[in-house]
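Colleague: Could you work out the structure for the sequence below:
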Amino acid sequence: MTDVFFIEREQHGARLQHVVAARYPDVSVGSLRRLMIQGGVRVNGIAGTRNMKVSEGDRVEAALPDEEVRPAKTRRREALDILYEDAACLAINKPAGLAVVPERNAEDYPLMDALLDHARRQAPAAAGQPVRPMIVHRLDRDTTGVLLIAKGPDAMRDLTEQFAGRSVRKEYLAIVRGRPPQEAEIALRLTSRRARRGRTIVNERHGREALTLVTVEEYFRGFALVRAVPKTGRTHQVRAHLRAAGCPVVADPLYGESREPSPLYLSEMKRGYRPKKGQPEPPVIARQALHAARLEFDTPLPGGRRRVSVEAPLPKDMERTLKMLRKYRPEPV
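Modeller: Numbers count the residues shown, from 1 in each chain. Sure, this is the predicted structure:
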């Protein structure tokens, strides 16, 4: 099946992947992504890419062979924990293990599928004007907490500009190793490391400006709970800065010290603890102990802007880790 449609005024400036995903809500996002990679979606006669920005009046052709699509009912569903919602955006509490962007060779995209389902339930699209949820920023797969989603391209542009202009306040809570100072400003330039894909390193000569404010919320013996406020938006900024400051995030597979076990086990906190004979020791926390705790931004409502602050409670694995630290590694009086 080949479907032909034209980009409307309110879609101007949107990315092709969002337009296509919203037009075909009953087709898995993984199938649509694969279709675009194979050149099955053309804009004005030219093969379109996922991040291509479309313009009003563009002619889009989408070839949808039955064997390449998967009905929505066969997809894995992801329940949304909604923290805030208005006419322009919504914020969810992202769990660990959920990818914000489609992973390489992934067959599906559970987060976007869930967002599209929610959009259809809340405000069914009018003919020719589908609802288009758009993810404004990213959180790492195993980082939990507040994730912001725009409702349509106008809200997306506004919120993206706020992030670029650094008017959005982001706060993270992290359980770290070591004993950081009560308050610190980490101003170290960061760049990506080609030798290890996906990792960010300090590079004062060639790196980009990066600043993170860190405050200790609670001390333990050998560990601390910190609040980190990134004033810039570099990839893995909080994780890379904390490691460079000598207090890496607990159980971080990329930025932990070489001697650090990952995940974190109770035997490292409780003296003399041994798991049951013949059984592996279960981890206290099995992923980086980093949580996007709070996000403050201006919501671009049609009737006027309003400052909003959204908070996400600590996930159970971090709460459990703090409970163990308070019991077995309390700060000496």
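
Colleague: SS state for Arg274?
Modeller: Recorded secondary structure, Arg274: coil (DSSP: H, G, I helix; E, B strand; the rest coil).

Colleague: so who does the spatially closest residue to Arg169 that is not a sequence neighbour touch?
Modeller: Using CB to CB, 6 or more residues apart in numbering and skipping the chain neighbours, the partner closest in space to Arg169 is Glu296 (4.0 Å). Using the backbone N, CA and C atoms, a C-beta is placed for each residue, glycine as well. Contact analysis of Glu296 by CB atoms under 8 Å, 6 or more residues apart in numbering lists 168-169, 307-310.

Colleague: cool, and Arg157?
Modeller: Arg157 neighbours (CB under 8 Å, 6+ apart): Gly13.

Colleague: List the buried residues for the stretch of helix or strand it belongs to?
Modeller: According to DSSP states H and E, Arg157 maps onto helix 153-164. By 16 or more other CB atoms under 10 Å, the buried positions in helix 153-164 come out as 153-156, 158-159, 162.

Colleague: Select only the buried ones of the contacts of Glu296 in PyMOL?
Modeller: Selection of buried members from these for PyMOL, criterion 16+ other CB under 10 Å:
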select buried, resi 168+308+310
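
Colleague: how about a markdown table for the contacts of Glu296, with distance to Leu83 added?
Modeller: Shown next, in a markdown table, are the contacts of Glu296 (distance: CB to CB, whole Å):
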| residue | distance to Leu83 |
| --- | --- |
| Val168 | 15 |
| Arg169 | 16 |
| Arg307 | 16 |
| Val308 | 10 |
| Ser309 | 11 |
| Val310 | 5 |
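
Colleague: which among the contacts of Glu296 gets closest to Pro275?
Modeller: Checking the contacts of Glu296 against Pro275 with CB to CB, the nearest one is Val310 at 39.3 Å.

Colleague: The helix or strand containing that closest one relative to helix 153-164, how many degrees between them?
Modeller: Using DSSP H and E, Val310 sits in strand 304-311. Taking axes from the mean of the first three to the mean of the last three CA atoms, to 10 degrees, one finds strand 304-311 and helix 153-164 inclined to each other by 60 degrees.

Colleague: and strand 304-311, what's its mean pLDDT?
Modeller: What strand 304-311 shows for mean pLDDT is 93.

Colleague: what does stretch 170-186 give?
Modeller: 97.

Colleague: Could you check that stretch and say which residues are buried?
Modeller: 170-177, 180, 184, 186.

Colleague: Sitting in strands, which of those do you find?
Modeller: Those of the buried residues of stretch 170-186 mapping onto strands are 170-177, 184, 186, per DSSP state E.

Colleague: what number of residues lie near the residue nearest to Ala244 when sequence neighbours are not counted?
Modeller: The spatial neighbour of Ala244 that comes closest, neighbours along the chain excluded (CB to CB, 6+ apart), is Val202 at 4.9 Å. Neighbours of Val202 under the rule other CB atoms under 10 Å: 16.

Colleague: Between the two ends of stretch 93-100, what distance do you get?
Modeller: 12 Å (CA to CA, to the nearest Å).

Colleague: Go through it and flag the buried ones.
Modeller: Within stretch 93-100, judged by 16+ other CB under 10 Å, the buried ones are 93-94, 96, 98-100.

Colleague: Tell me which two of these sit farthest apart.
Modeller: Asn93 and Ala99 (15.6 Å).
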